[in-house]
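In: my questions are about this predicted structure, shown below with the sequence.
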Amino acid sequence: MRIAIDNSVKEKVESVRLGCLIYDTEVKEKNEELWRKFEDEVFPQLISAIEEKGISGIENVSSSKKAYKSLGKDPNRYRVSSEALYRRIKQGKGLYQINTVVDVNNLISLETGFSVGSYDLKNVKGDIILRKGAEGETYKGIGKDDINIENLPILTDSEGAFGSPTSDSTRAMVTLDSKKILTLIYCFSKNENLNITLESSKVYLEEYAGAKNIELFIIE
């Protein structure tokens with residue numbers, strides 16, 4: 001399996017990179033220690049940071065929104081997932097508890113501002129390419145109706161699109177039956193902390209999601 005970035009994205013967003021973690025795990029419904037961390041540390045720190053500089057002042061959110069504009073997508077109508085998470089916290093809505101892998105995704109995203117997606121590799125066929133969504137292209141989003149993914153940066157395989165920094169499709173979503181997973185960090189800036197984020201993500205996945213045999217790499 002190859003992971004690559006298509007020129008349809010690179011030509012518009014030169015700084016685009018993908019931080020990747022591939023690993024084995026037994027997905028569980030919930031990790032109590034992780035949720036204590038959310039309540040005791042993450043949420044209070046985020047509320048303070050948002051009050052200080054606003055959501056648009058968070059570097060990796062603002063760079064993602066600029067990338068969407070460069071690709072021809074309205075980032076205020078199609079929000080990157082990290083911004084959507086921050087808005088929930090700001091509004092006092094908290095997070096949906098999904099499963100240990102998705103919950104760690106949200107932890108990484110809230111701590112860094114990067115949008116993060118995780119995908120069940122048994123449902124991904126062939127090479128994975130990040131490309132610009134074609135005219136009229138859609139897929140069924142998780143917990144949503146069909147999403148217009150035209151001009152979005154989208155993950156595709158031999159069967160079509162299955163993920164984006166806004167909302168992933170149901171086809172490759174992580175469930176309690178998932179065993180081999182790709183967690184992907186969408187980076188649209190020259191942020192030098194992507195390597196550090198990968199390393200901290202590895203620790204979180206091991207600690208809170210029981211990940212093993214983790215392979216780390218960056219696609220440019």
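Out: Cool, the structure landed.
In: give me phi/psi at Val116?
Out: phi -130, psi 140 (degrees, to the nearest 10).
In: that one bridge partners, please.
Out: With DSSP bridges as the criterion, Val116 is bridged to Ile185.
In: now do the contacts for it.
Out: For Val116, the contacting residues are Ser81, Ser82, Asn105, Asn106, Ile108, Ser109, Thr183, Leu184, Ile185, Tyr186, Ser201, by Cβ atoms under 8 Å, 6 or more residues apart in numbering. Placement of C-beta: from N, CA and C, glycine included.
In: let me know whether the fourth one touches Leu85 as I believe.
Out: Yes - taking contacts as Cβ atoms under 8 Å, Asn106 lies within contact range of Leu85: 6.1 Å.
In: between those two, which is the more surrounded one?
Out: For Asn106 versus Leu85, neighbours defined as other Cβ atoms under 10 Å are more numerous around Leu85 (24 against 21).
In: dihedrals phi and psi, that one?
Out: phi -70, psi -50.
In: try Glu26
Out: According to degrees, to the nearest 10, Glu26 has phi -110, psi 110.
In: can you name the residues in contact with the helix or strand where Val104 lies?
Out: Per DSSP states H and E, Val104 falls inside helix 100-112. Contacts to helix 100-112, defined as Cβ under 8 Å, 6+ apart, come from residues 25, 27-31, 34-35, 37-38, 42, 46, 60, 81-82, 85-86, 89, 95, 97, 114-118, 174, 178, 181, 183, 185, 193, 197, 200-201, 204-205, 208-210.
In: where along the protein do the helices fall?
Out: Secondary structure of the chain by DSSP state H: the helices cover 7-10, 32-37, 43-53, 59-71, 81-90, 100-112, 194-209.
In: weakest of the ones you listed by average pLDDT?
Out: Ranked by mean pLDDT, the helices of the chain end with helix 43-53 at the bottom, a mean of 90.
In: could you give the angle of it to helix 81-90?
Out: Angle of helix 43-53 versus helix 81-90, following axes from the mean of the first three to the mean of the last three Cα atoms, to 10 degrees, is 100 degrees.
In: how about helix 43-53: buried residues?
Out: For helix 43-53, a neighbour-count test (16 or more other Cβ atoms under 10 Å) marks Phe43, Leu46, Ala49, Ile50 as buried.
In: what's that helix packed up against?
Out: Applying 3 or more Cβ pairs under 8 Å, 6 or more residues apart in numbering; DSSP states H and E, we find helix 43-53 packed against helix 81-90.
In: that older thread, and the contacts of helix 100-112, which of them are buried?
Out: Buried by 16+ other Cβ under 10 Å: 25, 27, 31, 34-35, 37-38, 42, 46, 60, 81-82, 85-86, 89, 95, 114-118, 174, 178, 181, 183, 185, 197, 201, 204-205, 208-210, out of those.
In: thinking again about what came up before, which neighbours do Asn106 and Leu85 share?
Out: Leu95.
In: now do the contacts for the closest residue to Ala211 other than its chain neighbours.
Out: Distances taken as Cβ to Cβ, 6 or more residues apart in numbering place Leu205 nearest to Ala211, at 3.8 Å, with adjacent residues excluded. Applying Cβ under 8 Å, 6+ apart to Leu205 gives the contacts Leu21, Tyr23, Thr25, Val101, Val104, Thr183, Ala211, Ile214.
In: good, wrapping up.
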